[in-house]
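K.L.:
quick one: sequence and predicted model below, then my questions.
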Amino acid sequence: MIDPGRGGPRTDLAITVMAARRYFLDGATKSEIATELGVSRFRVARLLEGARRRGIVRIEIDPAPGIDAVISQELAAAFAIRSAIVVQAVEGPPPFTRAQLGAAAAGLVAETVEASDVLGISWGRTLRAMVEQLPPLPACTVVQLVGSVPSMDLDMNALELVRRMTVLGAGSVFPLHVPLLVDTAETAARLRDDPHAARTFGMFPRVTRAIVGIGAWAAGESTLRSAVSPEDAAEIDRAGAVADVCSILLGADGHEVRGAGLPGRCLAIRAPELRALPDVLAVADGAAKVPAIRAALRSGLIHRLVTTEETARLLLDGDRRP
């Protein structure tokens, strides 16, 4: 049996190509690929990064993907948000769709962020796709809005996204070297008081623009759900959660849901702090996420949305129903 971690150059190339095909063409997750190849998820992440760097994988995205202006305006009006950008995405596997959505969000951020801004960012695969396609930015301040989940893929972790932002020429950076979720509110309070963490938490009121993802509160769709115990997840289910934004749980009508000691156990920006920010952009899509996106739009936490045409139509169809 060949050890993928110790093969020669040809073996390494073959493993890289196999991983890239499974991820970019078949839509397999890093965990699935790791199991198939007998390596760690972190090794898979390095293989995929190498595939892009070596030119094995070349993704070409129109820098100005088609935008449906009519549906964009209709969606913004229907949910009383400032603006929406509805991307006419070319059909393909999830990584391809995320790349198109990320390109549109990257263009929006590049056009609006100024050196005087304090830019907050959460986590997510689509936000990672956005960060990958950002041009050099003005020397704005970047603030991490949520702690980290140990089981989360490194490429979508909030700390990793903040690190990537520094490469783009950001100014001061305020990382958050704490977990997203801990066992008790008392532990969370102690970690919030840590000088390094407190420095970042203290920046939340100064954030002028935030970029967030939206998680659907369902198995396999929410990083926060995967971090809580089955008993806690069941309690939150009974409380009516359908979405999470920066670890803030939301019900179908957009109200904040509490259960299992959350939000006290979370180390992240809280609902009142996020609601007070002057500009919050959400980037999310997918039929499975439609109830979650709708809840986030109804919550008053989100000012702008970047999504796909398919998702926008599902949102509008559901909102028109009695």
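P.N.:
That came in fine, so what should we check first? Numbering: from 1, shown residues only.

K.L.:
excluding sequence neighbours, find me the nearest residue to the most centrally placed residue in the chain.
P.N.:
For the chain, the residue sitting closest to the mean C-alpha position, by Cα atoms, centre = their mean, is Gly124 at 2.1 Å. Nearest residue to Gly124 in three dimensions, chain neighbours excluded: Gly213, at 3.1 Å (Cβ to Cβ, 6 or more residues apart in numbering). C-betas here are computed from N, CA, C, even on glycine.

K.L.:
surely that neighbour meets Asp285?
P.N.:
No: the pair Gly213 / Asp285 is not scored as a contact, 10.5 Å apart, by Cβ atoms under 8 Å.

K.L.:
which neighbours do these two share?
P.N.:
Counting by Cβ atoms under 8 Å, 6 or more residues apart in numbering, the contacts common to Gly213 and Asp285 are Thr126.

K.L.:
could you give the number of residues near Leu159?
P.N.:
When counting by other Cβ atoms under 10 Å, one arrives at 18 neighbours for Leu159.

K.L.:
what about it, distance to Leu13?
P.N.:
Leu159 is 31 Å from Leu13, where distance means Cβ to Cβ, to the nearest Å.

K.L.:
for Ser148, same thing?
P.N.:
Using Cβ to Cβ, we find Ser148 at a distance of 32 Å from Leu13.

K.L.:
looking at the two, which is more packed in?
P.N.:
The neighbour comparison of Ser148 against Leu13 (other Cβ under 10 Å) goes to Ser148, with 22 against 15.

K.L.:
how close does that one sit to Ala271?
P.N.:
Taken as Cβ to Cβ, the span from Ser148 to Ala271 is 20 Å.

K.L.:
show the pLDDT at the residue nearest to Gly124.
P.N.:
Looking at Gly213, its pLDDT reads 93.

K.L.:
and if you look at Gly7?
P.N.:
Predicted confidence (pLDDT) for Gly7: 45.

K.L.:
then Gly107?
P.N.:
We have a pLDDT of 89 for Gly107.

K.L.:
do you know how far Pro135 is from Val280?
P.N.:
With distances taken as Cβ to Cβ, Pro135 is found 22 Å from Val280.

K.L.:
when those two are compared, which one has more neighbours?
P.N.:
Using other Cβ under 10 Å, the more surrounded residue of Pro135 and Val280 is Val280, with 24 against 11.

K.L.:
my guess is that one meets Leu301, correct?
P.N.:
Yes: counting by Cβ under 8 Å, Leu301 is a contact partner of Val280 at 6.2 Å.

K.L.:
shared neighbours of these two, which are they?
P.N.:
Leu274.

K.L.:
what is the burial count for Ile81?
P.N.:
Other residues close to Ile81 by other Cβ under 10 Å number 19.

K.L.:
got the buried residues for the helix or strand hosting Ala189?
P.N.:
Using DSSP states H and E, Ala189 sits within helix 185-192. For helix 185-192, burial by neighbour count (16 or more other Cβ atoms under 10 Å) applies to Ala188, Leu191.
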